[in-house]
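[1] Just need the structure, nothing else, for what follows:
(2 chains)
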Amino acid sequence: ETAVFQTPNYHVTQVGNEVSFNCKQTLGHDTMYWYKQDSKKLLKIMFSYNNKQLIVNETVPRRFSPQSSDKAHLNLRIKSVEPEDSAVYLCASSHRDWGYAEQFFGPGTRLTVL
Amino acid sequence: GDSVTQTEGPVTVSESESLIINCTYSATSIAYPNLFWYVRYPGEGLQLLLKVITAGQKGSSRGFEATYNKETTSFHLQKASVQESDSAVYYCALGGYGNEKITFGAGTKLTIKP
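    The predicted model follows:
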């Protein structure tokens, strides 16, 4: 099956803990993204990697760090979570040669910070 | 910066009635905007509904249509006769060829009454 996969589906944790989310795409794309969808359902891009290189880095707190081992994988680590980090984190991928334009999304990871 | 404004939800429409969800955009950093409608059905991930990359063109999918109007900077989503299965959250989005970022509107939650 070709798609974008994310784990875990849900994660509940306490303030100050570290969390890590995983994303894998089997679409053969070379660019991957992390978006944050807040409680108001606004979707904002956080990071983008092309062939393991960071190409988009929006203004996000330094406790967020993306990690890419290869062009099919992009993880997101949050060092010390805060209550405002509660959100759905969406991973997406696209292909540079196609102009990036169409992005394919994973199902999301819902983070709840108590 | 770039921005997308769409009909604020929630929107409720009776089955077989017509629908329009308004979308206007501002593309300050993109020379040739590409416009998208993404949809999230209940329990599913975000997926592309339709896209138009050339001003003046119309895109269509699953009975939905949207015309890219450069003069009015609009990309309204329309359907002549909605079905219960159209209940979902719809996002208007703006991107550009060679531009890694997609800017999303706030989303419009649509509920179709049987």
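[2] Is there a neighbour count for residue 76? I'd like the number.
    Unless you meant another one, I'm taking chain A. For A:L76, the count of nearby residues is 22 (other Cβ atoms under 10 Å in any protein chain shown). Glycine gets a C-beta too; all of them are placed from N, C-alpha and C.
[3] You answered for a different chain; I wanted chain B.
    Counted with other Cβ under 10 Å, the neighbours of B:H76 add up to 18.
[4] likewise the one 5 residues further on?
    Neighbour count of B:S81, defined by other Cβ under 10 Å: 11.
[5] Contact partners for it?
    Applying Cβ atoms under 8 Å, 6 or more residues apart in numbering or on different chains, we find B:S81 in contact with B:16-18, B:63.
[6] Now do the SS call for it.
    For B:S81, the assignment made with DSSP: H, G, I helix; E, B strand; the rest coil gives coil.
[7] picking up where we left off before, ok, the contacts of B:S81 vs chain A, which is closest?
    Nearest to chain A among the contacts of B:S81: B:G63, at 20.5 Å, using Cβ to the nearest Cβ.
[8] how about that closest one, what does it touch?
    Contact analysis of B:G63 by Cβ under 8 Å, 6+ apart lists B:79-81.
[9] now, among those residues, which is nearest to chain A?
    Nearest to chain A among these is B:K79, at 21.2 Å by Cβ to the nearest Cβ.
[10] Show me the shaky parts of chain A.
    Where chain A drops to pLDDT under 70, the residues are A:1, A:98-101.
[11] Also chain B?
    B:98-99.
[12] what about 80?
    B:96-100 (pLDDT under 80).
[13] Around chain A, pick out the residues from it.
    Within reach of chain A by Cβ under 8 Å from any Cβ of the partner chain, chain B has these residues: B:34, B:36, B:38, B:44-48, B:51, B:53, B:89, B:91, B:95-102, B:104, B:106-107, B:109.
[14] Distance check, A:H73 against A:V4.
    Counting by Cβ to Cβ, to the nearest Å, the gap from A:H73 to A:V4 is 11 Å.
[15] Quick one: residues contacting B:T72.
    Applying Cβ under 8 Å, 6+ apart, we find B:T72 in contact with B:T24.
[16] what's the distance between it and B:K58?
    Using Cβ to Cβ, we find B:T72 at a distance of 14 Å from B:K58.
[17] Tell me which other helices or strands the helix or strand containing A:Y49 touches.
    Element membership for A:Y49 (DSSP states H and E) is strand A:43-50. For strand A:43-50, the packing partners by 3 or more Cβ pairs under 8 Å, 6 or more residues apart in numbering or on different chains; DSSP states H and E come out as strand A:31-37, strand A:53-57, strand A:64-70, strand A:73-78, strand B:99-104.
[18] Buried deepest among these, which one?
    Highest mean neighbour count among the helices and strands packed on strand A:43-50 (mean count of other Cβ atoms under 10 Å in any protein chain shown): strand A:31-37, with a mean of 24.
[19] That strand pairs with which strands, and in what direction?
    Here strand A:31-37 has these sheet partners by DSSP bridges: strand A:43-50 (antiparallel), strand A:87-94 (antiparallel).
[20] tell me which residues of stretch A:82-94 are tucked away?
    Residues of stretch A:82-94 classed as buried by neighbour count (16 or more other Cβ atoms under 10 Å in any protein chain shown): A:85-94.
[21] Would you mind pulling the contact partners of that stretch?
    Contacts of stretch A:82-94 (Cβ under 8 Å, 6+ apart): A:4, A:6, A:15, A:21, A:23, A:25, A:27, A:29, A:31-39, A:43, A:61, A:63, A:74, A:76, A:78, A:100-106, A:108-113, B:45-46, B:100.
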